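Engineer: Sharing a model prediction with you, sequence too.
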Amino acid sequence: MRKLAILTFMTLDGVMQAPADPDEDRSGGFKHGGWAMPYWQPVMDQVQVEAMSVPYDLLLGRRTYDIFAPNFSSDSNSPVAEMFNKATKYVVTGNDQGLAWANTSVVQGNLVEQLRALKNGEGPLLQVHGSWELIQLLIEHDLVDEYRLWTFPLMAGSGKRLFQNGNPLYELALSKSKVTTNNVVMNFYERVR
């Protein structure tokens, strides 16, 4: 059985929408896209060491896949791109057209059943990046084993929040905590079962 971890950048008030680019996700009239960029390099240095240095596969929603694929598939110079390109990319989508990034597989049908089967299979850690809708489904069905959270010292006020849909009550244990040089807090929480 493999573990499933989400890796999320969020504001202090829990908004995870569009951290990297102003046009990344303007849905709902969100106007604060790119909010993480002033903090980016120290955070990414820490992410590479703490969350991306051992093999993993990616579990992505289609929107995140469509953002990542053109940015990383042809990049051979960055450690992040190298890890992403090696990883199997499992993409939750109703449209399997245009999934040309190497090592990509589609997850369709009864999603909860398919995701449980994926977790019950063999392989490295499944790591979710971005993919807000997918994360909501994973939380709702208690499929997340670890939350890898980077909390930025900002308030967005509105936007898609990590914990947005009235989640079930369950216990978590803090397994790792660090602060970047620019005051972004990294906390890893393991699901207590």
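Structural biologist: Nice, I can see it. Please read these numbers as outputs of a predicted model, since none were measured by experiment. Numbers count the residues shown, from 1 in each chain.
Engineer: lowest-confidence helix or strand of the protein?
Structural biologist: Each helix and strand of the chain was given a mean pLDDT (mean pLDDT, DSSP states H and E); the minimum falls on helix 79-86 at a mean of 88.
Engineer: Can you list the helices and strands that the next helix-or-strand element following that one packs against?
Structural biologist: Downstream of helix 79-86, the next assigned helix or strand under DSSP states H and E is strand 89-92. The contact analysis (3 or more Cβ pairs under 8 Å, 6 or more residues apart in numbering; DSSP states H and E) places strand 89-92 against strand 56-61, helix 62-72, strand 104-107, helix 111-120. Quick note: C-beta positions are derived from backbone N, CA and C, even for glycine.
Engineer: any idea which of these scores lowest on pLDDT?
Structural biologist: Ranked on mean pLDDT, the bottom entry among the helices and strands packed on strand 89-92 is helix 62-72, at a mean of 92.
Engineer: The residue most central in space within the chain pairs with what?
Structural biologist: For the chain, the residue sitting closest to the mean C-alpha position, by Cα atoms, centre = their mean, is residue 129 at 1.8 Å. Beta-bridge pairing for residue 129 (DSSP bridges): residue 7.
Engineer: wait, doesn't it sit right on residue 68?
Structural biologist: Yes: using Cβ atoms under 8 Å, residue 129 is in contact with residue 68, at 7.4 Å.
Engineer: Next, the distance between the ends of stretch 18-38.
Structural biologist: End-to-end distance for stretch 18-38: 14 Å, by Cα to Cα, to the nearest Å.
Engineer: surely residue 69 meets residue 101?
Structural biologist: Yes: checked against Cβ under 8 Å, the pair residue 69 and residue 101 is within contact range at 4.4 Å.
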